[in-house]
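Peer 1: Have a look at this prediction, sequence included:
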Amino acid sequence: MSDLLFEEMKTSVLEGEEDEAAELAKKAISLGLDMEKVLHEGFLLGIQEAGQLYEDGDYFLPELVCSADALKAALAVLNEKLVSNPELTSGEGKVILATVHGDVHDIGKTIVGSMMTAAGFEIHDLGADVPNEEVIEAVRELKPDILGLSALLTPTMEEQKNIIDMLSAANLRDQVKVIVGGAPVNQIWADKIGADGYSGNALSAVKLAKELLAGEQRA
Amino acid sequence: MNMMGKVLSDEEIREIHRQSVHILENVGVKVPVEKALALLEAGGAKIDWDRRVAMIPEALIDKALASAPKEFVLGARNPEFDFPVPSDYSVMNLDGAGVNVLDHRTGKRRNATLQDVADAARVFEEIEIGKVLWSSVVPYDVPSGASGILNTATSFLNCSKHLQDEAKNIHEVPYIMEMVKAITGSLDEAIARKIYSATYCTVAPLCHDPEMLEATMELTKYRVPILVYPMPACGSTGPASLSSNIALANAEALSTFVIFQLAQPGTPLIYGAALGIIDRRSGVFLEGAVETALQLTAMGQIGKNYGFPTIIAGCLSDSKETGMQATMEKVLTTLPLVLNRVDVVQGIGLLESSMTLSLPQMFIDAEIGLLCNRMQAGVDVAPEKNYFEDIKAVGQGGHYLKQKSTRAAFRSDEFYTPWLSERSTYETWLEMGSPDMFSKAHQKVEEILAAEMKNPLDPQTEKIIREIMEEAKAKL
């Protein structure tokens, strides 16, 4: 019976069915299923498969985004059960994403979030036009491994620098790797403002995040 | 609606037709084959037997235009590749009759060999938009009398698509028909399946080539489809205005329709054209010129207006190498033909005014054809494409990535992804080793030639084809 349920969980994520994923998560709670199995034999298998299909060229971006959001919907329901057991969800690492203050361009960062979700990261997306203080507060509270800051406009790029400076001032800079992206951003800018990395697209953002965390483990 | 590209109005098409008829009635064409002249005379043409010139009256032209079939199927050795014409999609053929190869291994230009004919056919087998194979080059490493038959045989051996070739001499015809019979199983099937067609070129201005005419008339006995292919050049072998050169080319085409319909009423004919201009200083024939593209587009329109299947020269370039000039000229000589929905753009793979074959260029040209077809398909404003519900659901801000319609549309014909174009970001592209279109196409060619042949002939038939090749080498 629950085998079939796990299969349905996987499928709900794979096919990007948000409502169904949330329903299945509720069912898992009411049936008192083992959370490890719910994740690793259910929902997370779905996102892994979606990620693989994307890499193989069989899935396009909208399918990946829908899969990531279906997983998010399931995790939101399961949240209360997972708080007591955080290592279950943050497989690859915890990531905060935000588009900086003054910049309403949401989509690039959303795509990065979906790709990272598919790659096994736990994503906390703060949205777009996020005040700098809110970003700092989230870093303080959630203790992410990575903070990803997106800026699409030349003037708002400056906020990436300001946030890094504020992290230093708050003694939080050493706790988190900061990665930056957005159309006008490049490696030179990232180096100049003291970011830990830059990525030009969502796929290489995933690669960059993995490399940064692997480097940290080695160190 | 579909994107259309017209260079002649309906009235202008009628005017060009009138001019062509006027040329045929008052100037006439040279037909240096007695049998053909006799047919023309019996049909009502006025013959100057000393000069072997036929003045062809309008009534005879109208009769030919009426008796030539308007649709048929260009069959293929592999029936999966049968191609019904007219088509609502422009496909491409392998361009033929070059003499050099830009060797993809060395990057150097050299004489073409029979192995190149085989390699080009194998690559063409895997080009989806390619439906009609014309043996790509004339090999220098075989006896010249047999080269036509060896080319035809080699193409049959290495590609299962429709084969379009040419018969330069009447002695070649039995060899050709023996091969077609061996492949289709019987003479009746050979006639019915039409897996082979022949290109027939007139000789501008206003002449027919005696040997090619004789050979091609012989082929009409077997209802072999004939591509009628006039090619006057503005200012040298044709008059120096585009419209008059078009009228001359059309007159040559019409005279050919008349001759072949008299020889074999109902014989399937394809309206074609390869006219062009010359370089005004050197006199060199120019294929990649915009004026060439304009004339070819006009011919495509005229052929379609008569209601016949069309195979029009296109995807042409005068560039000596692959690269910028080649791509620019090939796009300019492909797009207007596709926007005019000619059935076959002839064709892919050649550079240097169709003298030099490049195997990787075949893939680049195929990609140009696919992009042009997407362009032709245009913007669809059908009710089912009105995504108002999505617009309402997403509202102000946000995105459409999660709308079901986005997922469906991304998998539909709405979007075409060219596999040769490099669309990744700078960093990713660097990581991949900075590939360009040519390197990707080159790699694909290597893969195909290293792999097993797709759709080979059965060993029994292959043996017969090889015996015919040996006989041709010994006797032709």
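Peer 2: Nice, thanks for sending it over.

Peer 1: what's the closest non-adjacent residue to residue A:143?
Peer 2: Leaving aside its sequence neighbours, residue A:143 sits nearest to residue A:175 (C-beta to C-beta, 6 or more residues apart in numbering or on different chains; 6.7 Å). C-betas here are computed from N, CA, C, even on glycine.

Peer 1: Poorly predicted segments of chain A, please.
Peer 2: A:1, A:83-90, A:217-219 (pLDDT under 70).

Peer 1: per-domain residue ranges of it.
Peer 2: A:2-88, A:94-218 (automatic domain parsing).

Peer 1: For those, give me TSV that also has distance to residue B:27 and mean neighbour count.
Peer 2: Below are the domains of chain A laid out as TSV (distance: least, C-beta to C-beta, whole Å; neighbours: other C-beta atoms under 10 Å in any protein chain shown):
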stretch	distance to residue B:27	mean neighbour count
domain A:2-88	59	19
domain A:94-218	64	19
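
Peer 1: List the contacts of residue 4.
Peer 2: Unless you meant another one, I'm taking chain A. Contact analysis of residue A:4 by C-beta atoms under 8 Å, 6 or more residues apart in numbering or on different chains lists nothing.

Peer 1: you looked at the wrong chain, it should be chain B
Peer 2: B:339-340, B:376.

Peer 1: Tell me the one of these nearest residue B:68?
Peer 2: residue B:340 (20.3 Å; C-beta to C-beta).

Peer 1: Could you pull out the buried residues of stretch B:192-211?
Peer 2: B:193-210 (16 or more other C-beta atoms under 10 Å in any protein chain shown).

Peer 1: Secondary structure element holding residue A:52?
Peer 2: For residue A:52, the host element (DSSP states H and E) is helix A:44-55.

Peer 1: quick one: that helix to chain centroid distance?
Peer 2: 15 Å (C-alpha atoms, centre = their mean, to the nearest Å).

Peer 1: Residues contacting it, please?
Peer 2: Contacts of helix A:44-55 (C-beta under 8 Å, 6+ apart): A:6, A:9-14, A:16, A:59-60, A:63-64, A:67-68, A:70-71, A:91, A:115, A:117-120.

Peer 1: mind listing which of those residues are in helices?
Peer 2: Among the contacts of helix A:44-55, DSSP state H puts A:6, A:9-14, A:63-64, A:67-68, A:70-71, A:115, A:117-118 in helices.

Peer 1: can you pull out the helices in chain A?
Peer 2: Under DSSP H, chain A gives helices at A:2-14, A:18-30, A:35-38, A:44-55, A:61-83, A:107-118, A:132-142, A:154-169, A:187-193, A:202-218.

Peer 1: Turn these into CSV, columns for distance to residue B:252.
Peer 2: Listed next are the helices of chain A as CSV, based on distance: least, C-beta to C-beta, whole Å:
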stretch, distance to residue B:252
helix A:2-14, 62
helix A:18-30, 66
helix A:35-38, 77
helix A:44-55, 56
helix A:61-83, 53
helix A:107-118, 58
helix A:132-142, 75
helix A:154-169, 62
helix A:187-193, 62
helix A:202-218, 56
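
Peer 1: Relative to residue B:16, tell me which of those wins on proximity.
Peer 2: That would be, of the helices of chain A and by C-beta to C-beta, helix A:61-83, which comes in at 49.8 Å.

Peer 1: gap between the residue in the stretch 101-250 of chain B that chain A sits nearest to and residue A:56?
Peer 2: Nearest residue of the stretch 101-250 of chain B to chain A, counting by C-beta to the nearest C-beta: residue B:128, 17.1 Å away. Using C-beta to C-beta, to the nearest Å, residue B:128 is found at 21 Å from residue A:56.

Peer 1: so where do the strands sit in the stretch 301-450 of chain B?
Peer 2: Remark: strands assigned in the stretch 301-450 of chain B by DSSP state E, counting those that start in this stretch are B:310-313, B:344-348, B:350-351, B:356-357.

Peer 1: just checking, what packs against the first one?
Peer 2: Helices and strands in packing contact with strand B:310-313 are listed as strand B:269-273, helix B:290-306, strand B:344-348; criterion 3 or more C-beta pairs under 8 Å, 6 or more residues apart in numbering or on different chains; DSSP states H and E.

Peer 1: so residue A:145 makes contact with residue A:179?
Peer 2: No - between residue A:145 and residue A:179 there is no contact under C-beta atoms under 8 Å: 10.7 Å.
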